[in-house]
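Colleague: Give the three-dimensional model of this entry:
(2 chains)
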Number of protein chains: 2
Amino acid sequence: MGVQQLDAFFRPRSVAVIGASESPEKLGHEILRNILEGGFPGAIYPINPKSETILGLQCFKNVKEVPDGVDLAVIIIPARFVPQAVADCGEKGVQAAVVITGGFSEAGPEGEALQQEVVRVAREGGVRLIGPNCQGVNNPYHPLCASWPLLQRQGRVAVISQSGTVGAAMMDWFSDEELGVSCFVSLGNRADVDETDLIRYFDQDPNTRVIALYLEGIKRPAEFRRAIDEAGKPVVVLKAGRTPRGKVAAESHTKSLAGADAVYSSLFKAHRVVRAETIQEFYDFAKALAYLNPPPGNRILFITTSGGAAILATDTAEREGLDVAPLPAELADALEGVIPAHAIRANPLDLTGDAHAAMYQAVLERARPYYDIMGIIFGDPVADASTVVTPGAHEVVIFLGGADVEKVERKKMHLNGIPVFPTPERGVRALAQLLPPEKKRKPARTTVPASPAGGRHPSLSECLEFLENHGFECVCHRFAESPGKAVHLANQLGFPVALKIDSPDILHKSDVGGVRLGLRSGQEVRKAYEEMMESARKARPDADIRGAVVSCMASAGLEVILGMNRDPQFGPVILFGLGGVTVELFRDVAMRILPITREDAFAMMEEIQAAPLLDGYRGAPPVDKEALADAILKLAHLAETHEDIMEIDLNPVFAYSEGLVVADARIIWRGA
Amino acid sequence: MGVQQLDAFFRPRSVAVIGASESPEKLGHEILRNILEGGFPGAIYPINPKSETILGLQCFKNVKEVPDGVDLAVIIIPARFVPQAVADCGEKGVQAAVVITGGFSEAGPEGEALQQEVVRVAREGGVRLIGPNCQGVNNPYHPLCASWPLLQRQGRVAVISQSGTVGAAMMDWFSDEELGVSCFVSLGNRADVDETDLIRYFDQDPNTRVIALYLEGIKRPAEFRRAIDEAGKPVVVLKAGRTPRGKVAAESHTKSLAGADAVYSSLFKAHRVVRAETIQEFYDFAKALAYLNPPPGNRILFITTSGGAAILATDTAEREGLDVAPLPAELADALEGVIPAHAIRANPLDLTGDAHAAMYQAVLERARPYYDIMGIIFGDPVADASTVVTPGAHEVVIFLGGADVEKVERKKMHLNGIPVFPTPERGVRALAQLLPPEKKRKPARTTVPASPAGGRHPSLSECLEFLENHGFECVCHRFAESPGKAVHLANQLGFPVALKIDSPDILHKSDVGGVRLGLRSGQEVRKAYEEMMESARKARPDADIRGAVVSCMASAGLEVILGMNRDPQFGPVILFGLGGVTVELFRDVAMRILPITREDAFAMMEEIQAAPLLDGYRGAPPVDKEALADAILKLAHLAETHEDIMEIDLNPVFAYSEGLVVADARIIWRGA
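Modeller: As a prediction, the model looks like this:
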């Protein structure tokens, strides 16, 4: 059976409500009323053996007694009667049935058997099923509201949900915001029609621009994968059951295996399905994808009356891989006289409290050629805000606060098909879903303390000497100004040795080939020395290269980093983390503003994600935390007593089961 | 000047509005009207040289002409007249002035000079200042609304904001939700009074339960730190300017250094300040902290009518370190007859669509003794929902969807001081802020594919042999069943060697002391062999220990992991990531469902966070990605052709600039 047969669910010519009721508090009454009041354009047949008419419609004892053809049946009778009703539908030639009734597979083995029976009867009669145990379907375009509540606004998002409530909440929000949906389908127990059928169907539906799926599990994984791969429209998914206990709950709710969440993530990523983390994102993302066009690039200009909101927007944009690119000089010039003289011409562009709709308009006109996206933030009650934005353009609107004016203008914009978001973070994150990964840049991270440029950098040998004089255990080392001296010292220290370039001008030694480890003979040392000098001189012809430090190879321990830096606001900050390249790639570090106590030093060791490594992971011995705490406190003391030191980086420090050794160091002193 | 003098801002006996205006569209009119209509209990003096009366109040030409005492002046006159007005306030004995007017330090060097002048004059006259360039203050308890819009509802949160808009949005939301604030202060340029003064003030204020601070920078870092350390009330902070460009925008907005974001994070963590990530969290967290009491522990029971919403809540709770602990058998028994027979007694507890308020009530009564927190989720229009919950109890209410019923019941609950959250994720995350870290457990991660328990595990030597037969380059190795044989093989392979226990029953070798690396002599090998057997037999007396694998020490390369697993839904999944302990601590892996192409293999290598390491990081040579792609595809082929293999773990694999070597492996076959 193809996708076409599903038309009987969403565009039937006639509908029978099996279990229609005269009692207004019953679902069989509410659904009939919603179909009727929703303006269903075809014939409606209430089916109830005990009534003559319901809501003014002639009632039939059985669907088979209806004189004309019936495309769709909506079934709301006790579970045990459902198989017979479906069999009747088959005989009558009904093409599709939505079974609202619960008490099937979700209710235990007996219900499961009953569900099997319904499926068997439906197959025999050629009836396709949605449900059982579902909240029905609502197509505001036909219109057909075989569901509840009655929501009639026509929108662009097809909401398909394994949870009636989650789907209904989405519909509620779209309706509250004057946006509506293109269709709502509650999947229920998915005895027949499932998410895969509906992705294919709504991918063809002319009213649908975005398919929004709430899932707890997938019924036919391979077919699902094919459907999302082939879908031409954006698909947004909210997949619940991500944690171990959430998964158990989901499997119990759907009565099926849910699969591992990480596998879903990679599946969605591979097929460009947008994954929402929360139900609110589910809504925001679907809204953005339905009402905005994908921008050509990631450059965004924020125009605002609220400095605060624009900073929050900038942070979010940078984290999402958008580019809050500086204002081009040409544009800055073009804005002279357009915005108030005291407004600073930068991105974000704060029009100040004096802004009004016409000023926004004037700025937008001038700025459009310079950016891919306009981020328009109304931070005050800006009257006529709705006149400023173009439907379908690459313009995201955020209206924060603004009280009653906001409510009026938001409604106007939504009626014009311009999505408005209530906070900067929500708006920008939703917008970011429109850009494929290749159009984004590396997400910006939070800022870390960094000393101002400049300062004096002693060479490695000076750093190590200084540290030794202040009580740090450093790797045994000597300074060599020639290859011969290096070999001589290596013989003294014993092989293997390490060779590191010694220059006050070279901070990142390995970048210039200035680190050679595990040299095992005089010959290797000589060769390494000569190569090192050559490559360093080539890379940094201006550098004062004094020679190299020859050191013992510290025996393998856990590599950690200890650091000190001065924050312009808070002064000295101490940092501890896993060392080596890990610190740069994962930034797994703990920080403290001085002063700190021994307790703080231990707390820092607890705080990092890699903390288990310190306690002896996978059979390794635990490291000497007392020695690490000593070193952290020594570093803190150094920061407090040496105001002239701006930055210290001990990386790597090898931590052992007893003691530690500083293997490399970098110190920056104040001054030229 | 102590905290007491700030009383003149928030509890003045009389207030002068300098710049009061007769024109309704002017701020000088709106503020006067808000003070008046807000019900200010003392004398109000409009100051305007050109008017006789405004809004029925007698007007004065100068504040000095007011016959009685004036505690507070609100100043809304052009910037250049402000210094004189403040000087007049000093002469008159006015204690406090709120300067609304902008055009000071935010507007360039001239404005900065003017601001300095205002500060100087204020100091001379003994006048304390809020602002300039601010949105005023609003204390609904006095009441005094020297701000806009006029919001009168009394609440529990003091909102202190460096951005007028962000603060006003918070006030708007609290007002819209019938919760109100205890006070609102717009800091403006902070020429005098700053966030630190106000933390101290509102920590003493009897109406305030929570201090909510929006910050872009801190004026006096050391004093701020002391103030948050000493604060007895919860402090919630939204700190903007987190990314490099956000920081620049914040520094431009506040005209001061902002400091590094990571330092703020560590500061907040150390002093137990709750940090919100978004303005919406800022609101949610303040609301939760103001209206819920800290629960005694982290065990939460979710009671719901919406299975879907409860799964989303469970995921969030587990990720936040709450414990969605299974339903105790005793409680399950106690619920018999209380909830519908077809409702499954588990946590989350889904009362099904048949639930009503009385059923919630009955469940809550029985469940309270077994859990620390009740998570009450109304997923449908549950009438009288508001009667179910106890104000101030450890009960978080989430009302999702529910249409009009939700709106009515939420309002009732808010008027009763019970906070209601609109989505499961928002409610649970807000709730989690009430628990100190030591009461939380390790956050649950998302689930990864895991083979069902059981299966047949060949020993290491069998695994390596199998892999070699299928084209993988493995480390050179031999099997030894005795210490003598191990020594003999080590001599053949050449020192140093690695020794690993060979047992089909021991999957995690290092956990039982079953891995010894870098053995340099026959003597070391013998000793290691004997110790290994002893410790392994002690740890796993039941295990079939066959001997040990002696292998060459693969030369140091980049440690990566290659893995294969079968997901119950999607079948074989291939995994690639950084190897060693990193994979367990940071889970930095990429996954793909089969089939995969060579392109996918490369995409996986790009996808991991540690991708730069593969390309040659910090002077290291790039690894052989072609060889890695080959290995990934070989693994995929193995998965496709060997249905009986459930799981393969190659970890570590050493990747070199040319080729790679599998150094350790684990394979699980189907069957006992």
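
Colleague: list the contacts for residue A:319?
Modeller: A:443, A:444, A:445, B:242, B:243 (CB atoms under 8 Å, 6 or more residues apart in numbering or on different chains). Heads up, the C-betas are built off the backbone N, CA and C, glycines and all.

Colleague: And it, how close does it get to residue A:442?
Modeller: Relative to residue A:442, residue A:319 is positioned 10 Å away (criterion: CB to CB, to the nearest Å).

Colleague: for residue A:640, same thing?
Modeller: Separation of residue A:640 from residue A:442 (CB to CB): 36 Å.

Colleague: who are the neighbours in contact with the closest residue to chain B within the stretch 51-200 of chain A?
Modeller: Closest contact between the stretch 51-200 of chain A and chain B, by CB to the nearest CB, is at residue A:163 (2.5 Å). Contacts were defined as CB under 8 Å, 6+ apart; by that measure residue A:163 touches A:214, A:216, A:240, A:253, B:306, B:307, B:308, B:309.

Colleague: how does it look with 7 Å?
Modeller: A:214, B:306, B:307, B:308 (CB atoms under 7 Å, 6 or more residues apart in numbering or on different chains).

Colleague: Could you list the low-pLDDT ranges of chain A?
Modeller: Applying pLDDT under 70 to chain A picks out residues A:1-3, A:402, A:451-453, A:618-619, A:672.

Colleague: Now tell me what touches the helix or strand where residue A:628 lies from outside.
Modeller: In this assignment (DSSP states H and E), residue A:628 forms part of helix A:625-641. Contacting residues not belonging to helix A:625-641 are listed as A:470-472, A:562, A:564, A:572, A:574, A:576, A:594, A:596, A:598, A:601-602, A:604-605, A:614, A:645, A:648, A:655, A:659-660 [CB under 7 Å, 6+ apart].

Colleague: Sort out which residues of that helix are buried, please.
Modeller: Neighbour-count burial for helix A:625-641, counted by 16 or more other CB atoms under 10 Å in any protein chain shown, picks out A:625, A:627, A:628, A:629, A:630, A:631, A:632, A:633, A:635, A:636, A:638, A:639.

Colleague: what would those residues look like in CSV with distance to residue B:379?
Modeller: As requested, the buried residues of helix A:625-641 are arranged in CSV below (distance: CB to CB, whole Å):
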residue, distance to residue B:379
A:625, 48
A:627, 55
A:628, 50
A:629, 50
A:630, 55
A:631, 54
A:632, 50
A:633, 53
A:635, 54
A:636, 52
A:638, 58
A:639, 54
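
Colleague: Specify which member of those is nearest to residue A:323.
Modeller: Nearest to residue A:323 among these: residue A:639, at 36.3 Å, using CB to CB.

Colleague: Might you enumerate the residues of the stretch 1-150 of chain A proximal to chain B?
Modeller: A:102, A:103, A:107, A:108, A:149 (CB under 7 Å from any CB of the partner chain).

Colleague: And for the fourth one, the neighbour number?
Modeller: What that stands for is residue A:108. Applying other CB atoms under 10 Å in any protein chain shown, we find 14 other residues in the vicinity of residue A:108.

Colleague: Check the offset of the helix holding residue A:628 from the chain's centre.
Modeller: For helix A:625-641, the distance between its averaged C-alpha position and the chain's averaged C-alpha position is 39 Å (CA atoms, centre = their mean, to the nearest Å).

Colleague: and the residue nearest to residue A:270 when sequence neighbours are not counted, what does it touch?
Modeller: Counting by CB to CB, 6 or more residues apart in numbering or on different chains, residue B:592 is the residue found nearest to residue A:270 once chain neighbours are left out, at 6.6 Å. Under the criterion of CB under 7 Å, 6+ apart, the contact list for residue B:592 reads A:266, A:270, B:573, B:574, B:600, B:604.

Colleague: hang on, residue B:592 in a helix?
Modeller: No. With DSSP: H, G, I helix; E, B strand; the rest coil as the criterion, residue B:592 is located in strand rather than a helix.

Colleague: got the residue ranges for the strands in the stretch 451-600 of chain A?
Modeller: The residue ranges that make up the strands of the stretch 451-600 of chain A, judged by DSSP state E, counting those that start in this stretch, are A:477-480, A:497-502, A:515-519, A:547-552, A:558-567, A:571-578, A:589-593.

Colleague: Redo those as JSON lines? Include distance to residue A:528.
Modeller: As requested, the strands of the stretch 451-600 of chain A are exported to JSON lines (distance: least, CB to CB, whole Å):
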{"stretch": "strand A:477-480", "distance to residue A:528": "11"}
{"stretch": "strand A:497-502", "distance to residue A:528": "5"}
{"stretch": "strand A:515-519", "distance to residue A:528": "4"}
{"stretch": "strand A:547-552", "distance to residue A:528": "9"}
{"stretch": "strand A:558-567", "distance to residue A:528": "22"}
{"stretch": "strand A:571-578", "distance to residue A:528": "28"}
{"stretch": "strand A:589-593", "distance to residue A:528": "32"}
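
Colleague: Out of these, which gets nearest to residue B:610?
Modeller: strand A:571-578 (12.7 Å).

Colleague: List the contacts of that closest one.
Modeller: Residues from elsewhere that reach strand A:571-578, judged by CB under 7 Å, 6+ apart: A:449, A:559-567, A:583, A:588-594, A:596, A:604-605, A:608, A:610, A:632, A:635-636, A:639-640, B:263.

Colleague: 6 Å instead?
Modeller: Contact partners of strand A:571-578, identified using CB atoms under 6 Å, 6 or more residues apart in numbering or on different chains, comprise A:449, A:561-567, A:583, A:588-594, A:604, A:608, A:610, A:635-636, A:639, B:263.

Colleague: And for stretch A:210-223?
Modeller: Outside of stretch A:210-223, the residues that reach it under the criterion CB under 6 Å, 6+ apart are A:157-163, A:166, A:190, A:194-196, A:199, A:202, A:224, A:233-241, A:250, A:253-254, A:256, A:258, A:286, A:289-290, B:569-570.

Colleague: What about those, which are in helices?
Modeller: With helices defined by DSSP state H, the entries of the contacts of stretch A:210-223 inside them are A:166, A:195, A:196, A:199, A:202, A:224, A:250, A:253, A:254, A:286, A:289, A:290.
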